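K.L.:
next come a sequence and a model predicted from it.
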Amino acid sequence: MSSKIRFQLSTMMFLEFFVWGAWFVTMGTYLLQPSGAGGLGVKGIQVGEAYLSQSLGAVIAPFIVGLIADRFFSAQRILGVLHLVGAVLLWGASVAASFTGFYLLILVYMILFMPTLALTNSIALRQMTDPKKEFPFIRVLGTVGWIVAGLIIGFLHWEGSHQLNLTFKMAAVASLVLGFQSFTLPDTLPLKKNVKVSVSELLGLDAIKLLKNRDYLVFFIASMAICIPTAFYYNFTNPFLNEVGMTAAAAKQTIGQFLEVVFMLLMPFFFKKLGVKKMLGLGMLAWAIRYICFAYGYESSGLFWLLFVGIAIHGVCYDYFFVTGQIYTDNKAGQAFQSAAQGLITLGTYGVGMLIGYVISGPIVDHWQLADGSHDWKTIWLIPAGIAAVVLVFFMAAFREKKTDSALPESI
């Protein structure tokens with residue numbers, strides 16, 4: 001790969017996740033803040049509805065990529081169009097005067113944005129001669145972009161000064177830049193143009209055959225179920241941290257992304273030592289521990305450090321369950337329908353699982369709102385901790401590991 005293409009792809013990844021991280025982390029705080037204090041003054045249930053747009057986008061994304069990008073148009077052109085339209089939608093969201101208007105804009109935006117995650121991966125991988133060695137160094141720029149967005153929000157004090165509407169404008173500008181930059185990327189032609197494929201192959205339905213395997217079915221159910229408590233984190237962590245008095249919360253949340261890189265580097269060692277079952281169990285356990293840290297970390301200034309523990313173990317929560325699950329899925333699917341299998345697990349987790357989590361988390365937060373407008377966060381966080389613990393017990397009791405399940409691909 002030439003230095004020019006490497007720079008183009010790195011910039012693409014940086015901007016892709018900068019755009020997402022610029023508004024997604026603090027959206028809940030923005031929506032909950034009173035309309036007179038820079039927000040929209042909604043309840044928790046509306047926050048859940050807003051984040052639910054991610055799940056709807058995840059459900060629709062495979063159809064856009066599979067039915068359009070793979071067959072009709074070059075990936076970089078679709079990426080450019082989606083981000084240019086996205087820039088307009090994000091700017092509109094920043095000036096929306098009501099939740100209804102805001103929600104409609106964000107819903108359409110996420111339906112258009114979620115396919116870009118697959119498109120950026122496709123564009124990058126198609127330019128590489130050795131993806132196993134080259135892709136990680138390109139993809140890590142995405143994590144850097146997410147971190148930089150959070151640090152900017154913290155540095156400019158947008159949370160404390162009630163100017164979180166500016167996060168959407170910042171994301172809109174970055175999306176505009178990425179939209180135009182996309183048209184300069186190397187041409188990535190559709191792979192299946194003029195190729196006859198079945199309807200089930202187009203929709204990724206062939207991967208459903210995996211669910212006939214008892215252990216994979218147990219894993220699939222556990223994956224969906226663990227995403228129910230996961231949704232609580234994305235919805236309400238930033239509002240929670242701001243409410244309990246953490247300054248520049250969005251910036252401090254990037255600690256999780258910094259350490260995610262470290263945990264990812266340690267992952268091959270733990271994978272070989274523990275195997276797939278214990279790795280998946282460790283990831284589920286980390287979600288329960290994270291929420292227990294949140295439940296007790298704010299009650300006393302002497303335990304405030306627990307909040308940072310809950311933030312810092314993001315790499316274990318995410319990498320050791322979701323990435324391990326992707327490896328396990330690859331090993332089970334084989335080369336016959338690897339892409340369809342990854343689409344299936346994405347649909348089950350980011351689609352169905354988180355959708356349920358987004359639906360139930362809002363009413364739970366509203367139920368434990370106190371008379372002064374604050375919340376009983378101890379009770380709120382113990383609920384997803386309990387759900388994660390139940391899923392962990394179910395998985396460890398029902399899942400049976402085979403030696404072939406723990407085969408480690410060279411790309412990790």
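P.N.:
Nice, thanks for sending it over. Numbers count the residues shown, from 1 in each chain.

K.L.:
give me the distance between the closest residue to residue 83 other than its chain neighbours and residue 314.
P.N.:
Spatially, and ignoring its direct neighbours in sequence, residue 83 is nearest to residue 179 (3.7 Å; CB to CB, 6 or more residues apart in numbering). In short, each C-beta sits where N, CA and C put it, glycine included. Residue 179 is 29 Å from residue 314, where distance means CB to CB, to the nearest Å.

K.L.:
in a strand, residue 187, correct?
P.N.:
No. Read with DSSP: H, G, I helix; E, B strand; the rest coil, residue 187 is coil and lies in no strand.

K.L.:
wait, it sits on residue 123?
P.N.:
No. Counting by CB atoms under 8 Å, residue 187 does not reach residue 123; the two are 9.6 Å apart.

K.L.:
these two: who's more crowded?
P.N.:
Taking neighbours as other CB atoms under 10 Å, residue 187 and residue 123 compare with residue 123 leading, 25 against 11.

K.L.:
mind listing what the more buried one touches?
P.N.:
Applying CB atoms under 8 Å, 6 or more residues apart in numbering, one finds that residue 123 lies in contact with 9, 12, 75, 76, 79, 185, 186, 188.

K.L.:
export those residues to CSV and append columns for distance to residue 276, pLDDT and neighbour count.
P.N.:
Compiled in CSV, the contacts of residue 123 are given as follows (distance: CB to CB, whole Å; pLDDT from 0 to 100; neighbours: other CB atoms under 10 Å):
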residue, distance to residue 276, pLDDT, neighbour count
9, 31, 94, 25
12, 32, 96, 25
75, 32, 81, 28
76, 36, 88, 25
79, 33, 91, 27
185, 36, 93, 22
186, 36, 89, 17
188, 33, 76, 21
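
K.L.:
regarding residue 279, what is its secondary structure?
P.N.:
Taken by three-state DSSP, the conformation at residue 279 corresponds to helix.

K.L.:
ok, it to residue 78 distance?
P.N.:
35 Å.

K.L.:
these two: who's more crowded?
P.N.:
Shown here are residue 279 and residue 78; by other CB under 10 Å, residue 279 has more neighbours (25 against 22).

K.L.:
contact partners for that one?
P.N.:
Residue 279 sits next to 270, 271, 320, 321, 324 when contact means CB under 8 Å, 6+ apart.

K.L.:
which ones among the residues you listed map onto helices?
P.N.:
270, 271, 324 (DSSP state H).

K.L.:
what separation do you get for the last one and residue 348?
P.N.:
Separation of residue 324 from residue 348 (CB to CB) stands at 15 Å.

K.L.:
the more surrounded of these two?
P.N.:
The residue with more neighbours, out of residue 324 and residue 348, is residue 324; 26 against 21, by other CB under 10 Å.

K.L.:
residues in contact with stretch 30-46?
P.N.:
29, 47, 50, 96, 98-99, 102-103, 161-165, 167, 235-236, 239, 361-366, 369.

K.L.:
one more: stretch 136-152?
P.N.:
Stretch 136-152 has contacts (CB under 8 Å, 6+ apart) with 6, 9-11, 13-22, 25, 120-121, 124, 170-171, 250-251, 253-254, 257-258, 260-261, 411.

K.L.:
now that stretch: how far from the chain's centre is it?
P.N.:
13 Å (CA atoms, centre = their mean, to the nearest Å).

K.L.:
for it, buried residues please.
P.N.:
138-152 (16 or more other CB atoms under 10 Å).

K.L.:
could you do stretch 162-181 as well?
P.N.:
162, 164-172, 174-179, 181.

K.L.:
quick one, what contacts the spatially most central residue of the chain?
P.N.:
Nearest to the mean C-alpha position of the chain, counting by CA atoms, centre = their mean, stands residue 350 at 7.6 Å. Residues near residue 350 by CB under 8 Å, 6+ apart: 54, 55, 58, 227.

K.L.:
least confident pick among those?
P.N.:
In this model, the minimum pLDDT among the contacts of residue 350 belongs to residue 58 (81).

K.L.:
pretty sure it contacts residue 347?
P.N.:
Yes. The criterion here is CB under 8 Å, and residue 58 meets it with residue 347 at 6.9 Å.

K.L.:
more crowded one of the two?
P.N.:
Each of residue 58 and residue 347 has its neighbours counted (other CB under 10 Å); residue 58 has more, 25 against 19.

K.L.:
now that one: which helix or strand?
P.N.:
Secondary structure from DSSP states H and E places residue 58 in helix 44-64.

K.L.:
how far is that helix from where the chain is centred?
P.N.:
11 Å.

K.L.:
okay, now residue 386: neighbour count?
P.N.:
Residue 386: 14 surrounding residues under other CB under 10 Å.

K.L.:
please apply the same query to the one 5 residues further on.
P.N.:
Residue crowding around residue 391 was assessed by other CB under 10 Å; the count is 23.

K.L.:
out of the contacts of stretch 136-152, which sit inside helices?
P.N.:
Per DSSP H, these map to helices at 6, 9-11, 13-22, 120-121, 124, 170-171, 250-251, 253, 257-258, 260-261.

K.L.:
any chance of a PyMOL selection covering the buried ones in those?
P.N.:
To isolate in PyMOL the members of the ones in helices among the contacts of stretch 136-152 that are buried, counting by 16+ other CB under 10 Å, one can use:
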select buried, resi 6+9+10+11+13+14+15+16+17+18+19+20+21+22+120+121+124+170+171+250+251+253+257+260
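
K.L.:
before we move on, the earlier item: among the buried residues of stretch 136-152, which one sits closest to residue 376?
P.N.:
residue 150 (27.1 Å; CB to CB).

K.L.:
need the phi and psi values for the nearest residue to that closest one once chain neighbours are set aside.
P.N.:
Leaving aside its chain neighbours, residue 150 sits nearest to residue 254 (4.1 Å; criterion: CB to CB, 6+ apart). Main-chain torsions, residue 254, degrees, to the nearest 10: phi -70, psi -10.

K.L.:
mind checking the end-to-end distance for stretch 157-167?
P.N.:
11 Å (CA to CA, to the nearest Å).

K.L.:
same question, stretch 95-103
P.N.:
Start-to-end span of stretch 95-103 (CA to CA) is 12 Å.

K.L.:
now tell me what touches that stretch from outside.
P.N.:
Under CB under 8 Å, 6+ apart, the answer for stretch 95-103 is 31, 40, 42, 46, 49, 50, 53, 92, 93, 105, 165.

K.L.:
redo that, cut-off 6 Å
P.N.:
For stretch 95-103, contacts defined as CB atoms under 6 Å, 6 or more residues apart in numbering pick out 40, 42, 46, 50, 93.
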